[in-house]
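[1] Just need the structure, nothing else, for what follows:
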Amino acid sequence: MNTDRLIPQPLCWEMFRRSQQRFVPEMPGCYVLTTISRMVLYIGLTENLRRRMSEHLDSSEKTAETVLGRAVLFFWLETRETQRVERTWMNTHIEHEGALPLLNKVYSPTAT
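    I've put the predicted structure just below:
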């Protein structure tokens, strides 16, 4: 699934590289790791977008090649409604693809 199907849209993005993390805010939000063609590989939420990007860059699982391609873009949406937005994005992915994003292991959002 492409990021254009996500509502609300994550309009901010940077290359998923250590040199670009300084441009990601230290704010709460939801984020998506994607291939160069914007295919969603991972959906997450965090209290600090920059720190979370750095943690994923340290993860061999998140930086390795997948059957869909390598994570090369980090999209985000600053929001305090992280659980609602992440749950919406996960549900959209499941609706369109029949499964969680490739790098998501569990459906983590709680019902609110």
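
[2] distance of P8 from R80?
    13 Å (Cβ to Cβ, to the nearest Å). Quick note: C-beta positions are derived from backbone N, CA and C, even for glycine.

[3] Oh, that last question was meant for L6, not what I typed.
    L6 is 18 Å from R80, where distance means Cβ to Cβ.

[4] Who has more neighbours out of the two?
    Under the criterion of other Cβ atoms under 10 Å, the comparison of L6 against R80 puts L6 first, with 21 against 11.

[5] where's the nearest residue to the more buried one once chain neighbours are set aside, which helix or strand?
    Nearest residue to L6, sequence neighbours excluded (Cβ to Cβ, 6 or more residues apart in numbering): W89, at 5.3 Å. Element membership of W89, judged by DSSP states H and E, is helix 82-97.

[6] distance between that helix and the chain's centre?
    Mean-position distance between helix 82-97 and its chain equals 11 Å (Cα atoms, centre = their mean, to the nearest Å).

[7] Kindly report the same for stretch 38-47.
    Centre-to-centre, stretch 38-47 and its host chain are 1 Å apart (Cα atoms, centre = their mean).

[8] in a helix, that's where L45 is, yeah?
    No. Using DSSP: H, G, I helix; E, B strand; the rest coil, the assignment for L45 is strand, not a helix.

[9] No more questions from me, cheers.
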